[in-house]
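In: Could you work out the structure for the sequence below:
(chains A and B)
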Amino acid sequence: MGHEQKYVDKKYEVVGTRFNRPDGIDKVTGKARYGADASAPGQLVGRVLRSPHAHAQIVKINTAKAEKLPGVKSIVTSADLPDLTGGDQGLADILENCLARGRALYDGHAIAAVAAVDEQTAAKALKLIEVKYKKLPHVTDVDEAMSESAPVIHDRIFTRGVEPKPSKPSNIAARTQMGYGDVDVGFAEADVIIEKTYKTEQTHQGYIEPHACLASVNPDGSAELWVTTQGHFVFRNVCASLLGLDIAKLKVTSSEIGGGFGGKTHVWGEPVALALSRKANRPVKMVMGRDEVFRGTGPTSSTSIDVKMGAKKDGTITAAVAEMRYQGGAFPGNWAMLACMTAFACYDIKNNKSVGWDVVVNRPKVAAYRAPSAPMAAFAVESTIDLLAKEVGISPIDMRLKNVAREGTQAPYGPTYGPIGIEHTLKAVKDHPHMRAKLKKNQGRGVACGFWFNIGGQTCTDLNISVDGTVNLTLGTVDVGGSRSSMAMIAAEELGIPYDQVRANIADTTSLGHNDMTEGSRGTFSSGMATIFAARDAISVLKQRAAQMWGVPEEDVIWENGQAIATGEGHGNLPALTLQEIAAKSGRTGGPIAGHNEVVADGAGMGFASHICDVEVDPETGRSSIVRYTVVQDAGKAINPDYVEGQFQGGATQGIGWALNEEYIYGDDGCLQNPGFLDYRIPVCSDLPFIDTKILEVPNPLHPYGVRGVGETSIVPPLAAVGNAIANATGVRMTHAPMSPPRVLAAIDAQENAG
Amino acid sequence: MSNATLVSTTVNGDPVQFACPTDESLMTALRNRVGLTGVKEGCGTGDCGACSVTLDGSLVCSCLVLGVEAEGRKVTTVEGLSENGELHVLQQKFIDHAALQCGICTPGFLVAAKALLDRNPNPNETEIRYALAGNLCRCTGYDKIVHAVQDAAKDMRKNNNRSKKRS
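Out: Okay, the predicted model is just below:
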């Protein structure tokens, strides 16, 4: 059934108010079941042996001694996962990342795995597996990896996107270019030109729940997987492909997810757990330790970025160029391409050019991390805009407003923007009391903007009305931030019934059609759309049943405030039939009442934000503390403002952590030196003030309620907002994130020595 | 299981016995042997606080305590916060303030927040932030958590005053 996707302005009863989440009680009482909280009869403990080397040839793996240990039930190496990928290089990379195939490509790369009766036996067995390595030269820095002298990690990689095609393999997987206009002409028109190089270090999503799953494969090829994931349908397809299982015979259930932020969109140990289970013919539970999470999963790219921007005296930016080098870990990604798409997306710059270089290094395979690739590009661009503003003598906000992208501006990656909210957020920032608050000694204020897409994608939703009039909403997009509450609110809004009457659940893969990952801020946008349409389907059934109960033509029935009303001459005096009354009779009027929708949700809106940050820098230690922080973002329409604010605050805090502390530190041996929360320090409660939020609503014209995804944009501005604030507090421009105390102190000292 | 020791302890008010290896953490014993999976493992090194419980009233990371150390002592986990079928004020306030998103850190925060309010019924914002600094949350930015604890403290003080007046 076709449904109207276009935005319609209307007054809401439920949407836009604040309701408690349906999973709240389970989560505050300890009843909620996450990845590591399931068990199965006869389950074994799965553990993974990981490479201690950054790059090494695996000469031999001898599992004989481990196999003889009483209690060991199966051991797998890559030999147990034959390559069934049929030339799909992306899938082959996932397979090789799951278990090394002949070479360890990074410190922490999985080499072998064991399933044993208990934790102690599994740990002992890992020590008995003998691996003979031959160390190979390694490279972990993105710039070094691009140099002629760098060890080439994959001899199959010939840089894509350059003409002519290179004759030699290198670590440069691809070159991407975007933009329009003539930057040489633009720079010639400029009165001021700023050119700067930036670096950002690698960070991890840092979800508190480590990866965990419980796998069970039967000899007939049927299988079950309980797993913490952002997309159990996609995990199902990938795991089935890698293990040669029929997709429909692998039932994947998504557990409650203890944080993902993109990191749980990627398959890591799940195929290994399935392989262990298949070999042992028993269920295998595999839970990663925190060090494994840091060494073997996540992280985002480290980068090196050159930005050149020119402006006229009146503040008009005439040209902008960014050259961005992103490492994707040991396997090629498209991270620099995403950087090209986002770098200048907030602005209307007549001549702009972004060049991205996707590079491989001996680090873990990079995964999506909340608005992947955008925060680093924004750090470089938004810092440079502040420098330009200073040079031109315009306030940073007015400089941005002067060049802001609007409806009709062409995005650097091609399309022309419809109605977007970046200008609104900047104006709201300009008018915000935060901007007028007085700063104390050693304090500075910074502003920065950010952009991230939303995506739509495949979505499938069921809505079933019970005989008592309560409603089950069955969703296939994993709830990572409160979407069950938002979806139940949408269903209640459409049906005209109270929120409490709707219960939203996430279905397993055998109970609903395919749903893409919860990624790209798509959960509320796409499942929200499918929920609206499923509810409208159910309403048409409800109207038809009411017509039947009354004995009037269907077209004379309308649906209003949760009840069917007969209109037209002759039956205007019939008493309305409520949803409950119709549901109660459903057994005698044609059976269960349900609505269903499957959709490829097109028309996702753009998400824009502007942040204000006040820092205080201790000139003796270089330590920066956030003293005040404000997030202004366009949500299109906030379904449940509580969870929209939560996304704003959480993303801003991750960005602050990245700006000030978080980084992967590699030794000369190419091994990660800080794979734990003690040395990889994410923000704690005492590091932060309250994060103030302001939700703006510029409706997305291609969603019935105007919804835009809100999950990711909030991590984009903080790096630059903090950097700009530090610059205003100290006079020092930081070009290397995180702006940790040693780096800031060194910069302050260098400035003093120079002055 | 080699080197197993029988441990007799009290968990959430109930007598509990379990056998565990001498090198097993209290966290693992509570999760795998007592069935209290509300005790979460985020790191296993005492850095994230997701496994917070109280041991004889003191807040500890149960991953840094051995299972055998629970012998003869009183352990309280998140499962023990509700009383008489009702949510603890802190639990209700966490829901009301949307102070949880993924919820994996929530049990630890609740146990830590209760330990704070037990010893300091009227903490200021800074005291709350420092008392909860051993618990990592990656979703919320802590904003709504601090608000929930402030609001719970207010309600708990009111309730205490009321019950004092009655007695």
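In: quick one, domains of chain B?
Out: Domain segmentation of chain B under automatic domain parsing yields B:4-78, B:89-162.
In: Residue A:159 is nearest to which of those domains?
Out: With C-beta to C-beta as the criterion, residue A:159 lies closest to domain B:89-162 of the domains of chain B, at 35.8 Å. Using the backbone N, CA and C atoms, a C-beta is placed for each residue, glycine as well.
In: Tell me, how many residues neighbour the residue lying closest to residue A:181 once chain neighbours are set aside?
Out: The shortest distance from residue A:181 to any residue other than its chain neighbours is 3.2 Å, reached at residue A:351 (C-beta to C-beta, 6 or more residues apart in numbering or on different chains). When counting by other C-beta atoms under 10 Å in any protein chain shown, one arrives at 22 neighbours for residue A:351.
In: could you measure residue A:351 against residue A:340, distance?
Out: 15 Å (C-beta to C-beta, to the nearest Å).
In: Please name the nearest non-neighbouring residue to the one residue in the stretch 151-300 of chain A that gets nearest to chain B.
Out: When scored by C-beta to the nearest C-beta, the stretch 151-300 of chain A has residue A:258 as its residue closest to chain B, at 3.0 Å. Leaving aside its chain neighbours, residue A:258 sits nearest to residue A:209 (2.3 Å; criterion: C-beta to C-beta, 6+ apart).
In: Next, work out how far apart the residue nearest to residue A:181 and chain B are.
Out: Distance of residue A:351 to chain B, given as C-beta to the nearest C-beta, to the nearest Å: 38 Å.
In: That residue: what's it in contact with?
Out: A:179, A:180, A:181, A:182, A:183, A:185, A:186, A:187, A:318, A:319, A:320 (C-beta atoms under 8 Å, 6 or more residues apart in numbering or on different chains).
In: Compare these and tell me which is most surrounded.
Out: Busiest of the contacts of residue A:351 [other C-beta under 10 Å] is residue A:320, holding 30 neighbours.
In: Going by neighbour count, list what's buried in the lowest-mean-pLDDT helix or strand in chain B.
Out: Least confident helix or strand, chain B: helix B:143-166 with a mean of 92, by mean pLDDT, DSSP states H and E. For helix B:143-166, burial by neighbour count (16 or more other C-beta atoms under 10 Å in any protein chain shown) applies to B:143, B:144, B:145, B:146, B:147, B:148, B:149, B:151, B:152, B:153, B:156.
In: now swap in stretch A:735-746 and tell me
Out: Neighbour counts over stretch A:735-746 (16+ other C-beta under 10 Å) mark A:735, A:736, A:737, A:738, A:739, A:740, A:741, A:743, A:744, A:745 as buried.
In: With just CA atoms, put it into CSV.
Out: Output of stretch A:735-746 as CSV, limited to C-alpha atoms (Å, rounded to 0.1, in the frame of the first residue of the first chain):
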residue,chain,number,x,y,z
THR,A,735,46.5,21.7,15.6
HIS,A,736,46.8,18.2,17.1
ALA,A,737,44.0,16.4,18.9
PRO,A,738,43.6,15.3,21.6
MET,A,739,44.6,18.6,23.1
SER,A,740,46.0,16.8,26.1
PRO,A,741,47.8,18.6,28.9
PRO,A,742,51.3,17.8,27.6
ARG,A,743,50.5,19.1,24.1
VAL,A,744,48.8,22.2,25.4
LEU,A,745,51.7,22.9,27.8
ALA,A,746,54.2,22.4,25.1
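In: neighbouring contacts of that stretch?
Out: Stretch A:735-746 has contacts (C-beta under 8 Å, 6+ apart) with A:196-201, A:376, A:379, A:383, A:617-618, A:621-624, A:658-663, A:719, A:722-723, A:726, A:730, A:732, A:734.
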